[in-house]
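K.L.:
Could you work out the structure for the sequence below:
(chains A, B, C and D)
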There are 4 protein chains.
Amino acid sequence: MINVGILGSTGYAGQQLVWLLNSHKNVNIAFLSSNSYAGDPYSKVYKNYNGFLQNVCINMHDVEDKLDEIDVLFLALPHGKSFHVTQKALEKGVKVIDLGADYRIKSKEIYEQWYKVDHECSELLKDSVYGLPELKRESIKNASLIANPGCYPTASILALAPLLKNKLVNPKSIIIDAKSGVSGAGRSASIANLYTECNDSIKAYSVACHRHTPEIEQELSDIYGDDLKLIFTPHLVPMNRGILSICYADLIKDISQEELYEIYKDFYKDEFFVKVIEDMPETRYVSGSNMCHIGLRIDKRTGRVIVGSVIDNLIKGAAGQAVQNMNLMFDLPENMGLDFPAMVP
Amino acid sequence: MINVGILGSTGYAGQQLVWLLNSHKNVNIAFLSSNSYAGDPYSKVYKNYNGFLQNVCINMHDVEDKLDEIDVLFLALPHGKSFHVTQKALEKGVKVIDLGADYRIKSKEIYEQWYKVDHECSELLKDSVYGLPELKRESIKNASLIANPGCYPTASILALAPLLKNKLVNPKSIIIDAKSGVSGAGRSASIANLYTECNDSIKAYSVACHRHTPEIEQELSDIYGDDLKLIFTPHLVPMNRGILSICYADLIKDISQEELYEIYKDFYKDEFFVKVIEDMPETRYVSGSNMCHIGLRIDKRTGRVIVGSVIDNLIKGAAGQAVQNMNLMFDLPENMGLDFPAMVP
Amino acid sequence: MINVGILGSTGYAGQQLVWLLNSHKNVNIAFLSSNSYAGDPYSKVYKNYNGFLQNVCINMHDVEDKLDEIDVLFLALPHGKSFHVTQKALEKGVKVIDLGADYRIKSKEIYEQWYKVDHECSELLKDSVYGLPELKRESIKNASLIANPGCYPTASILALAPLLKNKLVNPKSIIIDAKSGVSGAGRSASIANLYTECNDSIKAYSVACHRHTPEIEQELSDIYGDDLKLIFTPHLVPMNRGILSICYADLIKDISQEELYEIYKDFYKDEFFVKVIEDMPETRYVSGSNMCHIGLRIDKRTGRVIVGSVIDNLIKGAAGQAVQNMNLMFDLPENMGLDFPAMVP
Amino acid sequence: MINVGILGSTGYAGQQLVWLLNSHKNVNIAFLSSNSYAGDPYSKVYKNYNGFLQNVCINMHDVEDKLDEIDVLFLALPHGKSFHVTQKALEKGVKVIDLGADYRIKSKEIYEQWYKVDHECSELLKDSVYGLPELKRESIKNASLIANPGCYPTASILALAPLLKNKLVNPKSIIIDAKSGVSGAGRSASIANLYTECNDSIKAYSVACHRHTPEIEQELSDIYGDDLKLIFTPHLVPMNRGILSICYADLIKDISQEELYEIYKDFYKDEFFVKVIEDMPETRYVSGSNMCHIGLRIDKRTGRVIVGSVIDNLIKGAAGQAVQNMNLMFDLPENMGLDFPAMVP
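P.N.:
Numbering: from 1, shown residues only, chains lettered A, B, ... in the order given. Sure, this is the predicted structure:
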């Protein structure tokens, strides 16, 4: 039995973690921390847990005293908020899985440039592991500190990895046009995220300046073997969950769609969670699950490839991937607690 | 291991059954029948099952030959379509759980009046059991043929049962105003159910003539101990799943809200799936689960009680309840395969 | 040319007023006041006005100096916020149309009981006119201060007026179950109104305690000729606009549906904005317009009548009705600036 | 007074035409043709017109006899269905505005290749005018046959025209990633367009093969002065209306964002319907109007420009543009009947 604690348990990613860990047969939730709701029963904040969870939220300040009770600490706070508790946890031999951005970017300077916050634990950067199991499985198994990937990066990197690994495209030509459900914006009260401000409308945001850009570039450069830069354009779509990442790149090898399809099928052939499909993917077929569907088309007229990748932004894009990483770190079947398809409609 | 077969497996209720039975540890899905998609892999019709299900849909005509392979047959077809195969299955000792309406109404005349179809198996009516576990648990355990309740009736009967059992209201005063997500309308191509015809709009339909009316009246009359009639008004709401049933009745006893709350809590105290709550319920807290939340208010100004009940129309309102019944019929823990909360957002 | 000013111009009702008054051929918008956005061009707050409106928002404190510039002042603030400016305006001979609740309830005590605020201008109550043109046309024409009705009351009163005027129902038996789009909740940042908290879900709220209850009771009592009390249950529906009000009442006269339909057609035969229809109404057919559609069914089995009424909560339920009142007060064709149907889909 | 007739009046584009032409002060609707609903009052098919329109739908076969009654015929049928009636109308001196694709592509071969239908009136291609007023105003004024542009092409061409006119980008580098509301899919009963199949999900479709591709290429090649090819990827978004077209291109001139912004402002400075904005555009600010908002960003890191353009797919993308063209052809103010902003929320 793995004892876990969650910080930021009442944000959407945190709540998704609660859902998964609560139904995970090998996990005991030792504590749920939430500053906004400290003292409240969790099922009073999230009423779907009525009958399923007895935990009462504790304050972040009380977490340090409880680090001895747990084997792994999940951090679901905004970036820049968990430096201190991370250090404390690691000192006590507690593994840390951070759903935030603090350890994803290997360069302190790039992190600070994009996140506008001083990195107070940069010494941890060298040993932290970027938690994308399909690409970093072995490192994750041995890690103490996991930098759980961002939602958009997860979808985009999985989409582009086979092309870059096999050097099939011009690394300078990559364009990622990604569309996300509104839960990606979090649970804070703001006019921009009101129902009436989002419903029945779509928009691009943070154009040419989204913080996920350096993260995607870092990982793809790593896969490719050389630095690359790309464009990443996120959009807010009127739906609760889901990310569709459409990636464009110029082919530099003459390859047919069938050949490319086989390369993708082969690249992911042992992966439980990644399915390469014949159609173009739809978010509803993965929302509510830890699955990723990838489809692709070669556009002969322009010599480009278009790869589409869908995930649930809160699950494979956050909490589900965190649980997948935990399973690896504790030598459990990788899909334990994650072995279910999306529910439709 | 219980071997099951499903007819009408590609309708929404059928697909929900597939989801639940596929993840049920004690169930093996022997066959999935679908006339529309016979010959197609199920995961080609419902792409969320890619990696989860290998079954290929068979034609309804081939089902009879396969009855020997199963212990229980689930029927998820429209009413009036499964008379013959039901008889065949029962003859072979296969238990039948019918998600359609054919055995819910005990009176052949009332059934034919409301459903406009001749009942070809009325001899089965006397032994069929109305599959609402919270009220008919013992009968269900011993049944061979289950008439799985309608979605609206499930929510409404659970809401009103404590009031009628305790004779707290005037049985002639009941009004049920119910709101459902669009999946209740099924998966047939029709202009009325197009996205553009449903989105961002609400309407009442089948006013004063919905077929669930006699079913609700039958069961509530049974609980009350005398015949009653009521008004039932369904609505189509722009959401995928969920039913909110708001029930009004005139109180005939002087009772406070706290007292009535305690009566409800006591009535459902042993029920895993029914939670009496302090607030008024919201469909999102049960959608995607087999749970039912009930809230109530006494309006002193008019001497009436208002009870609100929410369920997921495809799960507790159909497939989940069917699995709950199966668990009872096969002596398994009642919540096996159904033991998870709703996912939010 | 009528010169107008609007307070609370950046709330949803205020913005809807701006839309209507800006396209009204006989109106000049002299000023738009908004505390939140004072100093900002209106088209920066609401970008749909880019190219249509040059006004810059002014602060509420500057409004008093501008009262001389206008003929009518529209108030679109929350209740209890405009007492002082209302008095000032009336003193200067400026007509006032208040979209808030402050003058709707004739009894100071009832207002204060339900709105939890001291009424600072109760001397104005006796001369203020409840602005529902279909029932108060002559009074509105001569009024200086209009209490523009609430959205739910507008739909509900129009639905029930013919029944009560003709004494066809038991006044003690009225139940109103109303469903509204989320714009009714306003534009303030709050977690409860976030997209992810409202989408794909429905709930009843303020059950047995909504502030529109005394307003509806007051007007229906007036139509009936004697006091009555009723139940009013509002719901939040995942759509931007629209209200569907379903009203139940016990018939006390033996009347057929055709006869009742004729009574309704006759009651509203001269009304441009109210259409009695054969079907049950849908909000999408009136959303974006000042229309009201009413449908009805008699349920012979229980001797009750069910009347459904739909309006756009921001237009006929607020701003459109305010403009309709303005047209009457200034002797213009009543439908000027409001003469367009809903846009579908 | 311009007398008009509409074929295909009960499709979504047709209905949008009805809305606009019915409120247009200089237009009289002589007839509305609809094969599906011939004989029905239009307001029975589209209930929002109750009180606004008396027309009864006529059969397409009866249209020929009525060509003498009209000055302009609007065609809102699928491609390939109006060849014969178009010829008849032109012979009688009736102007024709075709909202379908039949005359947009100048090359009969390319049309037949993409639309899979023989072009039965290719002799009309040379004189037909592509009805995009912002680029073809003078030709439109003198035309008899207007090929009204497709929705996606309208948004995309307006977005890219300034870049290509000024030769600022590599014409081989263009990628258009466009997102549309579901009304673009039309009003035919199909499972794919059911509410439950579209709600809360997004997908790309017709990837690398959408029929709007040659239309966009033709017009942009014309603006640029040389042939070009591009990628066009459409998406289905869970909203009723609206298109957001995000266009990417490699800059070949060193230019700052401020300079490019000024070029765009200048290019569209006399255009009533096109607004170049500082932010990135959102569909809700134009949905329900004939407006187009364009925003842009230069991504210095990759030397690319990203232009976003929003329109309402049924108005500026179809019916509104058709009315705009009609106004030009009949020497009326171009924005007559189109002079209103979007309604929000």
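K.L.:
Let me see the domain layout of chain A.
P.N.:
Segmentation of chain A into domains, based on automatic domain parsing, reads A:2-127, A:151-313.
K.L.:
how long is the longest one from one end to the other?
P.N.:
Domain A:151-313 stretches 5 Å from its first residue to its last (Cα to Cα, to the nearest Å).
K.L.:
Just the strands from the stretch 51-200 of chain A, written as ranges.
P.N.:
Applying DSSP state E, counting those that start in this stretch to the stretch 51-200 of chain A gives strands spanning A:72-75, A:95-98, A:129-130, A:145-147, A:175-180.
K.L.:
confidence score at A:K66?
P.N.:
Note on A:K66: pLDDT of 96.
K.L.:
With A:K92 instead?
P.N.:
On the pLDDT scale, A:K92 is placed at 97.
K.L.:
ditto for the one 10 residues further on
P.N.:
A:D102 is assigned a pLDDT of 96 by the prediction.
K.L.:
Same question for A:L163.
P.N.:
You'll see A:L163 listed with a pLDDT of 98.
K.L.:
what residues are up against it?
P.N.:
A:L163 makes contacts with A:169, A:249, A:305, A:307, as judged by Cβ atoms under 8 Å, 6 or more residues apart in numbering or on different chains. For the C-beta atoms, the positions are set from N, CA and C on the backbone; glycine is no exception.
K.L.:
Kindly recompute the last result at 10 Å.
P.N.:
By Cβ atoms under 10 Å, 6 or more residues apart in numbering or on different chains, A:L163 lies in contact with A:169, A:171, A:174, A:220, A:223-224, A:247, A:249, A:251-253, A:260, A:263-264, A:267, A:296, A:305, A:307.
K.L.:
Which ones among the residues you listed map onto helices?
P.N.:
A:220, A:223-224, A:260, A:263-264, A:267 (DSSP state H).
K.L.:
Turn those into CSV, including distance to chain B.
P.N.:
Listed next are those as CSV, based on distance: Cβ to the nearest Cβ, whole Å:
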residue, distance to chain B
A:L220, 25
A:I223, 24
A:Y224, 28
A:L260, 19
A:I263, 19
A:Y264, 14
A:F267, 16
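K.L.:
ok, and the most crowded of those residues?
P.N.:
A:L220 (24 neighbours; other Cβ atoms under 10 Å in any protein chain shown).
K.L.:
ok, A:S289 to A:D222 distance?
P.N.:
Taking Cβ to Cβ, to the nearest Å as the measure, A:S289 and A:D222 are separated by 27 Å.
K.L.:
thinking again about what came up before, of the contacts of A:L163, which are in range of chain C?
P.N.:
Among those, not one lies near chain C by Cβ under 10 Å from any Cβ of the partner chain.
K.L.:
interface residues of the stretch 201-345 of chain A facing chain C?
P.N.:
Residues of the stretch 201-345 of chain A found near chain C (Cβ under 10 Å from any Cβ) are A:201, A:236, A:238-241.
K.L.:
again, only using 7 Å
P.N.:
Applying Cβ under 7 Å from any Cβ of the partner chain, we find that the stretch 201-345 of chain A lies next to chain C at A:N240.
K.L.:
Nearest to chain C, out of the strands of the stretch 51-200 of chain A?
P.N.:
Nearest to chain C among those is strand A:175-180; the distance by Cβ to the nearest Cβ comes to 11.9 Å.
K.L.:
do that closest one and chain D meet at all?
P.N.:
Yes - between strand A:175-180 and chain D, judged by Cβ under 7 Å from any Cβ, the touching residues are A:175, A:177, A:179.
K.L.:
Neighbours of the second one, how many?
P.N.:
Burial of A:D177, expressed as a neighbour count using other Cβ under 10 Å, amounts to 29.
K.L.:
Could you pull out the helices in the stretch 51-200 of chain A for me?
P.N.:
For the stretch 51-200 of chain A, applying DSSP state H, counting those that start in this stretch gives helices covering A:63-66, A:83-91, A:108-115, A:133-141, A:151-165, A:195-198.
K.L.:
Please pull up the helix or strand immediately following the last one.
P.N.:
What it means is helix A:195-198. The first helix or strand that comes after helix A:195-198 along the chain, using DSSP states H and E, is strand A:203-204.
K.L.:
follow-up on the earlier one: so which of the strands of the stretch 51-200 of chain A is nearest D:K95?
P.N.:
strand A:175-180 (39.7 Å; Cβ to Cβ).
K.L.:
Kindly export the closest one (C-alpha atoms) in PDB.
P.N.:
Provided in PDB are the C-alpha atoms of strand A:175-180 (Å, rounded to 0.1, in the frame of the first residue of the first chain):
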ATOM      1  CA  ILE A 175       3.700  24.400 -36.000                       C
ATOM      2  CA  ILE A 176       1.400  23.200 -33.200                       C
ATOM      3  CA  ASP A 177      -2.100  24.400 -33.200                       C
ATOM      4  CA  ALA A 178      -3.800  23.000 -30.000                       C
ATOM      5  CA  LYS A 179      -7.300  23.200 -28.700                       C
ATOM      6  CA  SER A 180      -8.300  22.700 -25.100                       C
END
